[in-house]
Structures are given as structure tokens and as C-alpha cells.
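Undergrad: sequence and predicted model, in that order:
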Amino acid sequence: MATQGVSAAERILRKGLLPVCVIAGAAVIAGFFFPQFVGDVVTGQGWLVLALLFFGAGLGYIALLPVETGEPEENRIERGATYLLRVRRLTWIDSVKHFLSRQDPLTFGAPVLVLAVFFAAFLILPEGTVAATNAVRDFLLRELGLLFLGVMFLSVLYCLFLLVGPWGDVRLGGSDAEPTYTYPTYFSMVFTAGIAAGIVFWGPAEAIFHYQSPPPYFGADPQSGGAILFGLTYALFHWGFSAWSAYTVIGVPIAYFMYQRGAPLRVSTVLTPFLGVDGLDSLPGRIVDTLAIFATIGGIATSVAFVSRQFLTGINFQWGVTYGDLGPVLFVGMLTLIYVLSAASGVHRGIRRIAAVNVVLFGLFALLLVAVGPRSFVLDRGMAALGNYAAHFVQMSFYTGGEWVAGWTVWNWSWWFSWAPFAGLFLAALSRGRTVRTVVLTGVVATSGATIVWFLLMGGPSLYLQHTGAADILASISAYGGSEAVAGFPMFAALPFSQLLMFLFLALIVVFIVTSADTSTLVVSILATKRELAPSTGSLVFWGIFQGTVAVTVLLIGGGETLQAVAVLTGGPFAVISLVALLGLTVSFRRNERGHSSLPGKLWRRLPTVETPDRLDTGPGKDD
């Protein structure tokens, strides 16, 4: 057995991180829970630095813990996803020397050039850049809204068919393939990579926005009892089965063609039935991979920037602490260090472990909300919202009424599709040895279930406190320019154990964004590296810092909303690519995957058989 993470440099770094985490953690906890004893000794940016040192040192220490890896790396000859997910550890000199020679010129150069041109255009012609971007975005959301609605609904239906149909029986990698990760690890990495910190902020916020301005489909009065039900229903709709299906309809084709046909771990692998494995290096395939990189960097970098701003907005709302322009930059800088360290440590170390920490915190927070929240209200309204969600799912999926749908539903679907290449590729990379049915069960059902529970546990108390007058959450949001970042704080302040809830809430924000950013860094590094070469440490460091640089640029010169809109524009192409992927997958399944059993067929065969006699005697017989 070989042990990864026992080098002298890593041992020294681990030894340094542990005391920093303990000391900074003690200071943060003292200031957070016992402010009367700390007073004004540390204020403003000092508290931010301590908090970042605590989270950064703790997560960094976890990422760098050694792990048994089996056979020494120099003896491995494996290829495929397992090889590509294992970071190629070159010396720093070799990393610098061979960095550019290992990069694909198009997939590496185009996203860097496009983002550089975008920020240059924003600096030189800010109004024109914003106007042009908004015009394209508005056309996409309004004129092509039906495309997003239709493709998303088809994605749900296709995932449902894979779940119950005969093709769900296909084992990725062959009948003898074994899963690389245990199921809890598999679920935690899939869930945390694809959701980011948006779930934390929008959990208490989305339903209450719909409570204030009800969806026109239901036609409820603002801030009424009906608005509570319909607000929860649409929150579940926007974050439930439809959303996660967008990832899965990209992930399953990549996984199938990679493990069954020997295609590379690339988003362009979905085009295998049309281009062939050898044709994926052609211009169409490389364009798809380039779009995937741009969408991933745009989505993650703007998310990091917005999360940083929202995190500090929440801190300012709750404690009146201000940080100036330097605060968000410090926050992004520390986040970048954490996710680069996690990505560079590899899937088996940092990414896997921080995802586990994320799920544990997520579960602990949910249990605490169950204990202190309005349980009967959440259960009653939650069950009603679930029933309403199921009853109106088809109608909501195709409802096209007005600006509200364009601004909420179509925008959400475009955003989920823009994240689909990165999340779908990671889902595929983890899925060797799993059946297609298990992949769909995890990528759609299990993840949606966890998300739905979260929105009920967070949205329910938010609506209850607002509706009963126990807290004026809408006024707090309005006071901060409509920012969803502050919605959780007045809610927690009205509940027992408010300080503990706020502390875990802030911790979840940091951990959720790290688990998405470290995965995106790895995925982008794979896509930008030449085919069949594992990304080097230098490549991961470059792309991680590049994402952080984009986030800092957004914070310093603005343009975050515009860049986010540009990133969302890639949702249109990937909605179309999803259709192409499903068409190719269907043709391949029909040709190559015969003889499998559907889930209803399996259940039917397991039913006990009842033998019936050939003749029923109704009168007295010879045995009487």
C-alpha cells in the first residue's frame, strides 16, 4: 500500500495549519457566542481575517490528511476517468516548463481570451457591454423560453424512463465493474458539487419572494395563506427534480460512452454516436468543450464573487460590521486558497472529505431546524406544497405567462443547463461500476429529495415568522436592496439557539462554495488539458487562481450581473446539446443494450406465484 500525502512539504503545512485553526477558531467562537467578554478588541476586517483563517486552516488540514492509495503511482498504467481524476504530481519546475505544452490550444486559450476581452470591453464601454448582453439575454429568456421549458420537461421524462425502464440495468464499465466509492461518498460528492452556496441563501428567501409577489399561474393574493402554499410549491419546482435532471441527461451519456465505448472524459463525449470516438478531437467536439469551460468558469467565478458579497452583507446586517472594498477581496482570496488546495489534493483526499464535511453540516443544520422550528406548520404546509407540486408539475413545466416566468423559471432552467457540463461530467467520472438506474436515482431522486427537504425546513419557518408577524423578513430584505443574503438572519434571530444557527449557516456558505469550486477547478483542468493526459498540479493551480481572479475582477470593477448573464447564455446551447445527447444515447441503447429488464418487470417476477388447480369441484367429492 502506498500513502499519498506524506511528503515533507505537506507534513510541514499540516503541522502549521492545525494550530492556526485551533487558535483562530477559539477566537472566532469566543467573539461569536460570548461577545461581552471580547468587547472591541478585534473589529471589522480583523474578525473577517480570523474567520477566514479558521475555516481555511480547518478545511486545508482536512484536505491534506494522508490517504492510502494502493499501488504506488509509478506502477499504475490505468486510463479513463480514474486516471484523469488523479492529479499528475510533477515538480514545480516541470509544471512550469511543460504547462503550456500539456494544454489544448483551443479549450485553454479561448476561455482566457474571451474573458479578458469581456472585462476590457466592460472597462472601455460599460454601458454598451451591459446593453448588448442584456439584449441577448432578454431574447433568450423571452423568445426561446419554450425551448428551455420543453427540454427540461423532456429531461425529467427521460430520467424517469431510465429509472424504471430496461436500460437502467446497464452497468457502467461492464458487468464485473465495481464502484470506486462507497454510496454515501458518491452521493455527497454529487450533491455538494452541483448545488453550491445558492441553496443556503435561497432556502429561506425564494418562497418568501413568491409570498410577496405570488406566481401568476396560481393567482393568489400577495402575503395571503394561499401565497404561502404557492410560494413553497414554486421553490420546490425551481430546485427539485427538473433542475437535477439537467445535470443527469449530460452525465449519463458521458458515462455510457466513456465506460462502454472508450471515449475520453470530456463533455464532447456526448457526441460520440455522431462523430465517433476518434472524431471527438474535431472542431465541433472542441467547441463543445470550450463552451463547457467558459460556462463553468463564468458560473463558478460569479458565484464566488456573489457569495463573498452576500456573506459580508449578512454579517453587516446582523452585527453592523463593515469591511470596505478590501473585505470581499480577502474573502475571495481565502476561498481561492482553500479550493485550490482541495482540488490539488485530489478527489480521494480534499474533494471527497470536504464534501463529507459539507453533508454532515447540512444534516446537522437540518436536524437543528427540525428541533427549534415550527414543526407542525412546516409539516402541514410542506406536505400540501409537495402535493401541489406533484399535481401541477406538468402545467407549471409548460406555463409561459409573462415576465414572471422569464425572470424566474426560464432563468433558473438556463442557469441549471449552464452548470450541466461541469456537474454532469463530474457525475459521469464518479459513476464507474454503478448501474444507470443508480446514477439516475442518485443524480435526480436523492439529490432532489435532499434539496426539497432543505427548502421546506428553511422556507417554512421564514414564511411562518413573516405571516404571523414574529419577524419582518421582507422589510430586512428591502432595507438591503432586495438581497436574498439577509433573509436567513432575521429568521434565525426569532428562533431558539439563534447564534448557533447563524454560525452553522455561515459555515455552510463557505463549505458549499468550496465543494463546487474545487470540483469545477478539476473539471476545467481536465477539459483544458490535452486528451488522455491527467491534469498536473500546475494546471489546477492556474485554473483555480484564474477563477479567483475573475471573481476579484467582478468585485473590483463590477460587471458581475453582466458576466453571470453571459455565463447563463451558454445554457441555451447546452439545452440543445442535451437533446442531441439523449438522441445519441437512445440510438446506442437500442442497438447495443438488449435483453435487460425493466424495474416493473423485475418486481413482477419477484411476486409469489399462485398455483391453481385444473378443475374446481363444487359439489361433494370423493374426498368428502
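TA: Yes, it's here. Numbering: from 1, shown residues only.

Undergrad: count of residues packed around residue 320?
TA: 7 (other C-beta atoms under 10 Å). No exception for glycine: its C-beta is placed from N, CA and C like everyone else's.

Undergrad: let's see the pLDDT reported for it.
TA: For residue 320, the pLDDT comes out at 73.

Undergrad: could you check how far it is from residue 314?
TA: 12 Å (C-beta to C-beta, to the nearest Å).

Undergrad: could you pull out the strands in this structure for me?
TA: 2-4, 67-70 (DSSP state E).

Undergrad: could you tell me the least trusted of the ones you listed?
TA: Among these, strand 2-4 carries the lowest mean pLDDT, a mean of 57.

Undergrad: can you get me a residue count around residue 120?
TA: For residue 120, the neighbour count with other C-beta under 10 Å is 11.

Undergrad: hey, which helix is longest across this protein?
TA: helix 283-319 (DSSP state H).

Undergrad: so which bits of that one are buried?
TA: Within helix 283-319, the residues that count as buried by 16 or more other C-beta atoms under 10 Å are 285-286, 288-318.

Undergrad: how far out from the middle of the chain is that helix?
TA: How far helix 283-319 lies from its chain's middle: 11 Å, per C-alpha atoms, centre = their mean, to the nearest Å.

Undergrad: neighbours of residue 131, how many?
TA: 12.

Undergrad: tell me the contacts of it?
TA: Residue 131 sits next to no residue when contact means C-beta atoms under 8 Å, 6 or more residues apart in numbering.

Undergrad: show me where pLDDT drops low in the stretch 201-350 of the chain?
TA: For the stretch 201-350 of the chain, the stretches with pLDDT under 70 are 318.

Undergrad: swap in 80 and give it another go.
TA: Within the stretch 201-350 of the chain, the stretches with pLDDT under 80 are 306, 309-310, 313-326.

Undergrad: tell me where it has helices.
TA: Assigned by DSSP state H, counting those that start in this stretch, the helices in the stretch 201-350 of the chain fall at 206-212, 225-239, 241-261, 272-275, 283-319, 326-345.

Undergrad: and residue 22, which of the ones you listed is closest to it?
TA: helix 326-345 (17.2 Å; C-beta to C-beta).

Undergrad: could you check that closest one and say which residues are buried?
TA: In helix 326-345, counting by 16+ other C-beta under 10 Å, buried: 327-345.

Undergrad: wait, which of the helices of the stretch 201-350 of the chain is closest to residue 582?
TA: Using C-beta to C-beta, the helices of the stretch 201-350 of the chain put helix 241-261 closest to residue 582, at 5.8 Å.

Undergrad: the closest residue to residue 463 other than its chain neighbours and residue 234: what is the separation?
TA: Excluding its sequence neighbours, the residue lying closest to residue 463 (C-beta to C-beta, 6 or more residues apart in numbering) is residue 228, at 5.0 Å. Going from residue 228 to residue 234 by C-beta to C-beta gives 12 Å.

Undergrad: okay, and the common contacts of these two?
TA: Counting by C-beta under 8 Å, 6+ apart, the residues touching both residue 228 and residue 234 are residue 207.

Undergrad: wait, isn't residue 134 in contact with residue 566?
TA: No - counting by C-beta atoms under 8 Å, residue 134 sits too far from residue 566 to count as a contact (10.2 Å).

Undergrad: out of these two, name the residue with the larger neighbour count.
TA: More crowded of residue 134 and residue 566, by other C-beta under 10 Å: residue 566, with 23 against 13.

Undergrad: for the more buried one, give me its contacts.
TA: For residue 566, the contact set (C-beta under 8 Å, 6+ apart) comprises 118, 133, 298.

Undergrad: would JSON lines of those residues with distance to residue 538 be doable?
TA: Conversion of the contacts of residue 566 to JSON lines gives the following (distance: C-beta to C-beta, whole Å):
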{"residue": "118", "distance to residue 538": "25"}
{"residue": "133", "distance to residue 538": "33"}
{"residue": "298", "distance to residue 538": "23"}
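
Undergrad: centroid residue for the chain?
TA: Nearest to the geometric centre of the chain sits residue 194, at 1.7 Å (C-alpha atoms, centre = their mean).

Undergrad: I'd say that one and residue 245 touch.
TA: No - counting by C-beta under 8 Å, residue 194 stays clear of residue 245, with 11.6 Å between them.

Undergrad: any idea how far residue 245 lies from residue 424?
TA: From residue 245 across to residue 424, the span is 11 Å (C-beta to C-beta).

Undergrad: hang on, I meant residue 280
TA: 16 Å.

Undergrad: can you check residue 114 too?
TA: Computed as C-beta to C-beta, the residue 114 to residue 424 distance reads 22 Å.

Undergrad: more neighbours, the two?
TA: Of the pair residue 114 and residue 424, residue 424 is the one with more neighbours under other C-beta under 10 Å, namely 29 against 15.

Undergrad: restricting to C-alpha, output stretch 429-449 in PDB.
TA: C-alpha atoms of stretch 429-449 as PDB (Å, rounded to 0.1, in the frame of the first residue of the first chain):
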ATOM      1  CA  ALA A 429     -16.500  10.400 -13.700                       C
ATOM      2  CA  LEU A 430     -17.700   9.100 -10.300                       C
ATOM      3  CA  SER A 431     -20.100   6.500 -11.700                       C
ATOM      4  CA  ARG A 432     -18.000   3.600 -12.900                       C
ATOM      5  CA  GLY A 433     -19.400   0.400 -11.500                       C
ATOM      6  CA  ARG A 434     -22.900   1.900 -11.000                       C
ATOM      7  CA  THR A 435     -25.900   0.900 -13.000                       C
ATOM      8  CA  VAL A 436     -27.600   3.700 -15.000                       C
ATOM      9  CA  ARG A 437     -30.600   3.300 -12.700                       C
ATOM     10  CA  THR A 438     -28.400   4.000  -9.600                       C
ATOM     11  CA  VAL A 439     -26.900   7.000 -11.300                       C
ATOM     12  CA  VAL A 440     -30.300   8.500 -12.000                       C
ATOM     13  CA  LEU A 441     -31.600   7.500  -8.600                       C
ATOM     14  CA  THR A 442     -28.700   9.400  -7.100                       C
ATOM     15  CA  GLY A 443     -28.300  12.300  -9.600                       C
ATOM     16  CA  VAL A 444     -32.100  13.100  -9.600                       C
ATOM     17  CA  VAL A 445     -34.100  11.500  -6.900                       C
ATOM     18  CA  ALA A 446     -31.700  11.500  -3.900                       C
ATOM     19  CA  THR A 447     -30.300  15.000  -4.600                       C
ATOM     20  CA  SER A 448     -33.800  16.400  -5.300                       C
ATOM     21  CA  GLY A 449     -35.000  14.800  -2.100                       C
END
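
Undergrad: thank you kindly, that will do.
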